[in-house]
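Visitor: For reference, the sequence and a predicted model appear below.
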Amino acid sequence: MKYLVRMNVSLPRDLAEDDRQELVAREKQYSQQLQREGKWPQIWRVVGQYANYSIFEVGTHDELHQILQGLPLFPFMDIEVTPLAAHPSDIKS
Ligand SMILES: O=C(O)C[C@H]1C=CC(=O)O1
């Protein structure tokens, strides 16, 4: 199943710089592992915002939920999930 996910990140203004760097490094590691596994095949920065659009490809809603909940930045994110279905006019399908 494919999902379009938008993540908006708002880190606390008073977060210590060391803590911010450690959090972002853990997030990058977590994200890149899922990319290598093929579960997070695309990630795009939203221009001018601390936000991304991502495509996830996983087996179930529950699996996606587990993945999103495991994001180190999860406590500081607003996440919007759109499940995607094949379009009948898509020449690739
Ligand atoms: O920077 C972001 O968009 C938030 C988050 C998602 C993946 C990652 O490495 O960081």
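Guide: Received, thanks. Numbers count the residues shown, from 1 in each chain.

Visitor: just the helices in the protein please.
Guide: Secondary structure of the chain by DSSP state H: the helices cover 17-36, 61-69.

Visitor: Give the burial count for the closest residue to Leu23 other than its chain neighbours, as a bare number.
Guide: With sequence-adjacent residues excluded and distances taken as CB to CB, 6 or more residues apart in numbering, Leu23 is closest to Pro72, at 5.5 Å. Backbone N, C-alpha and C define where each C-beta goes, glycine included. Using other CB atoms under 10 Å, Pro72 has 16 other residues around it.

Visitor: What of the one 3 residues further on?
Guide: Applying other CB under 10 Å, we find 10 residues neighbouring Pro75.

Visitor: can you tell me which residues contact the residue nearest to Leu23?
Guide: Listed by CB atoms under 8 Å, 6 or more residues apart in numbering, the contact set of Pro72 reads Leu23, Arg26, Glu27, Tyr30.

Visitor: cool, Leu73 as well?
Guide: Per CB under 8 Å, 6+ apart, neighbours of Leu73: Met7, Val9, Leu11, Leu23, Val24, Glu27.
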